[in-house]
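S.K.: how would this look folded up:
(3 chains)
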Amino acid sequence: MIMGETKPYEPKIAAFLCNWCSYAGADLAGVGRFQYPATIRTIRVPCSGRINPLYILKAMANGADGVLVSGCHPGDCHYMSGNYVARRKFALIDSLLKHVGLEEGRVNFSWVSAAEGVRFAEVVKGVTERVAALGPNTGVFKVDGGGTDE
Amino acid sequence: MKISKEKFGQSFDALTAEYQVVAPVSEAGAVNFKTAKSFSEVKQDYLNSKLPPKSLLFPQHEKLLSYVKEGKDITVKNELKVGKTVLFGIRPCDAKAMLLLDKVFKNDQYRDPYYFDRRDNTVIIGLACNKIAPTCFCSSMGISPACSEGSDLLLIDLGDSYNVEVITEKGKELLASLGELSELSAQEQALVDTVKSAQTTSKVDVSTITAKLDKMFDNSYWDTLHEKCLGCNACSFSCPTCHCFDISEEVIKSEGSRVRTWDACMAPLFTLHGSGHNPRDKKKSRWRQRMMHKFNYFVHNNGDIACVGCGRCIKGCPVNMDIRQAIDGVNKAEVVVD
Amino acid sequence: MNSIIDDIRAAARQLLADGKVDVVIGYEKGSLPLKSTPCFVRSPQDADKLIWDETCENNLATYAAQTAGKKAIIAKGCDSRALMVLLQENQLVRDDLYIIGVSCPGVIDKNKIEAETGEIIEATITDGKVSVKGIACDKEYNFADVKDATCQTCRYPNPVIVDLKIGGSVEVPQSDFADVIALENKSDAERKAYFKEQMSKCIRCYACRNACPMCYCQECFVDCNAPKWLTGGVDSAENLLFQTGRALHLAGRCVECGACSRACPQGVDIRALSRKVNKDVKEMYNHESGISEDIKPALNVYSADDPEEFLVKE
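M.R.: Residues are numbered from 1 along each chain as shown, chains lettered A, B, ... in the order given. Okay, here's the model as predicted:
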């Protein structure tokens, strides 16, 4: 790095990935050496149906700049219907979070299969750009530790 | 002796340079005690604040200390912040409540620095009540709408001026910076006398409650009292004398803090042991605790009833649990007092 | 109204005398003007305590599961919807429950009145007029003008499940989600500011949660220690996390009784969150909770062509 040049802002993104598809997709991206930004912190979940809305809220509260939730394509769930059930939940979460003033692009949902290594890299790239454009999390859920508004 | 509101306002504004001045302010549809920068922000005509002023000395959520771990080194930082404060416009019930809180946070063995360092740096300017709400029952609790207990200075609103009464040395010192006082007119004196002799219309009888409760731990009264209670903390959090708290550690990665947060006897979690056992596992026992603590244990420990009759719990309760009725219920219980 | 009260009392007396139920959960006159209070009647002679009017604002379904034995419950439209969901979720045994349904004209928003008149000293309700003697001023209101916000958007004033129906039915008002749409149409910054202001008032007393008939988790996430979802801090960010988490947990379950908002001692607009979720559930999944025993909760089922607009744009 040249002296005086500041390191570009790198967001921290909590990525909740389904064990049976997106997690394996991330693995495949690694094996295939498809480059993607080192912005995600992966948390493996057994199914996108396991995602509790509180995971997303708590990640935002504890200072993640963005969240990525990724599961199997509808119809491909390892447990038959986990992602169908999750899909209904995600649609409501997404809508409510925007309603209360969380910036569009902070919380992202996608379906990535175990075979889509390239696509996984693309999704992460896209999400990183979106979150980076928003800058550090100062959002509605960010807890500053003060404990009071004053 | 009186001071004109104009002059008082100017002194008030001047005080904000040296002190944190906390006063009733109307915000988001409710009057509460907040830091005021000028007298013009102060809400003049109000019955009482929605929430009690206790949070100024005993915040709902307070960092006691914080720590950072770097490698093997741990740095601990004291988070106690104290500045000189003037608390303007608190009602006699809340001023009395401060005296009760004092007894909780200081005894012959222990002095809570977080509460007391603030307390010692706070001057209280009380404001007598010209209007009395139907839910007020302070007259039954040994005080009155113009009681001076707990205030350093007591003001009575006379329209364009305040009647000023010096109660303590602290108040006398502050008065020096407030400006010249002038004599009351005969008419104003009459108004002062009226306010001073006023009593609340709502009354309860607490003359024998402590003695009765001594014998009521196993009374069947508790079997039904609690029934409609939802078990929320609205009453405790809006009470100027409730003071129970919880201390916990809040840690994210290698940084953390020790915090003190209000808790309340109405919450089952308050008494839940780590083992899973809960000695107060029923709403019945939690309501008994609330009544006992206020009207019996506190009297035995500190010589006073831990209720000042502000009526906030009555107004705030979602199911209209009325502490006056709860007291009446104890009075009616068939217990023989020695 | 008076004949309804007589009928409620007669029904309660009979049920208790016949031993069909152990307790009748209803309303009695409260200690404050324009306020009723829940009451538990256990003997026929106490049945005369029961009342019914526009102040009966609590959702008694909240007490249903907590009260032991066979119980009769006075249920408005929203209360009956709550009972229906609780039955669907296996929280209640149908045979232990006797639902006395009463159609509801709406309840009074006391806070709205007190904002003008100051604390109420005396009040009477006659023929759709509410006369109030307040500490600041006296005023007369049309009931329709001081009806609780929830009741103004109510689509189910008539009980959906009853064992005994008392009184006539109430005309079902036309209602859409105009209140939610108004908020949706505001800018992101305005909505953010609105919720921040509302959440700054919250003192986390959990009256909303405890008043809610649907909030019956053995351990609420706010009380959970491991993981610790909330720190106990009372800033607007944490309060929003609590209220959003709660609203999402009620998705497809909330019966829009408004008990949360009415219970709030701080006047937080809690419904603004649950109404938004309810609107989404209705629009996306065409579901309304607690209106029929046969309809499964929206989040328990799915369809292959559910909307996917929320997916990240690639």
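S.K.: where do the helices sit along the chain?
M.R.: No chain was given, so I picked chain A. Secondary structure of chain A, counting by DSSP state H: helices at A:22-31, A:53-61, A:82-99, A:117-134.
S.K.: please go with chain C instead
M.R.: Taking DSSP H as the test, the helices found in chain C are C:2-17, C:61-64, C:77-88, C:110-117, C:149-152, C:178-184, C:188-201, C:207-211, C:236-249, C:259-263, C:271-285.
S.K.: In TSV: the ones you listed, plus mean neighbour count.
M.R.: Heads up, the C-betas are built off the backbone N, CA and C, glycines and all. Below are those laid out as TSV (neighbours: other Cβ atoms under 10 Å in any protein chain shown):
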stretch	mean neighbour count
helix C:2-17	17
helix C:61-64	26
helix C:77-88	25
helix C:110-117	17
helix C:149-152	19
helix C:178-184	14
helix C:188-201	18
helix C:207-211	26
helix C:236-249	23
helix C:259-263	26
helix C:271-285	22
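S.K.: Distance check, residue C:15 against chain B.
M.R.: Distance of residue C:15 to chain B, given as Cβ to the nearest Cβ, to the nearest Å: 18 Å.
S.K.: I meant to write residue C:277 there.
M.R.: Using Cβ to the nearest Cβ, residue C:277 is found at 22 Å from chain B.
S.K.: nearest to residue B:46, of the helices of chain C?
M.R.: Evaluated with Cβ to Cβ, the helices of chain C place helix C:110-117 nearest to residue B:46, the distance being 12.9 Å.
S.K.: helices or strands next to that closest one in the packing?
M.R.: With contacts taken as 3 or more Cβ pairs under 8 Å, 6 or more residues apart in numbering or on different chains; DSSP states H and E, helix C:110-117 sits against strand C:120-126, strand C:129-134, strand C:138-142.
S.K.: Buried deepest among these, which one?
M.R.: Of all those, strand C:129-134 carries the top mean neighbour count, a mean of 17, counting by mean count of other Cβ atoms under 10 Å in any protein chain shown.
S.K.: hmm, that strand in reach of chain B?
M.R.: No. Judged by Cβ under 8 Å from any Cβ of the partner chain, strand C:129-134 stays clear of chain B, getting no closer than 10.0 Å.
S.K.: Output the contacting helices and strands for that strand.
M.R.: Packed next to strand C:129-134, using 3+ Cβ pairs under 8 Å, 6+ apart, are helix C:110-117, strand C:120-126, strand C:138-142.
S.K.: need those in CSV with mean pLDDT, can you?
M.R.: Below are these laid out as CSV (pLDDT from 0 to 100):
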stretch, mean pLDDT
helix C:110-117, 93
strand C:120-126, 94
strand C:138-142, 96
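S.K.: Please tell me I have it right and residue A:124 contacts residue A:41.
M.R.: No. Using Cβ atoms under 8 Å as the test, residue A:124 is too far from residue A:41 to be in contact (11.6 Å).
S.K.: Quick check: neighbours shared by these two?
M.R.: Counting by Cβ atoms under 8 Å, 6 or more residues apart in numbering or on different chains, the residues touching both residue A:124 and residue A:41 are residue A:15.
S.K.: quick one, what contacts whatever residue of the stretch 101-250 of chain B ends up closest to chain A?
M.R.: Relative to chain A, the nearest point of the stretch 101-250 of chain B is residue B:250 (7.4 Å; Cβ to the nearest Cβ). Contacts for residue B:250 (Cβ under 8 Å, 6+ apart) come out as A:145, B:256-259, C:228, C:231-232.
S.K.: Please name the residues that touch the closest residue to it other than its chain neighbours.
M.R.: Spatially, and ignoring its direct neighbours in sequence, residue B:250 is nearest to residue C:231 (4.9 Å; Cβ to Cβ, 6 or more residues apart in numbering or on different chains). Residues near residue C:231 by Cβ under 8 Å, 6+ apart: A:143, A:147, B:61, B:248, B:250, B:259, C:238.
S.K.: quick one, phi/psi of the third one?
M.R.: It stands for residue B:61. Backbone torsions of residue B:61, given as degrees, to the nearest 10, read phi -140, psi 110.
S.K.: what about it, neighbour count?
M.R.: Using other Cβ atoms under 10 Å in any protein chain shown, residue B:61 is surrounded by 21 other residues.
S.K.: Kindly provide the distance from whatever residue of chain A ends up closest to chain C to residue C:297.
M.R.: Nearest residue of chain A to chain C: residue A:101, at 2.7 Å (Cβ to the nearest Cβ). With distances taken as Cβ to Cβ, to the nearest Å, residue A:101 is found 28 Å from residue C:297.
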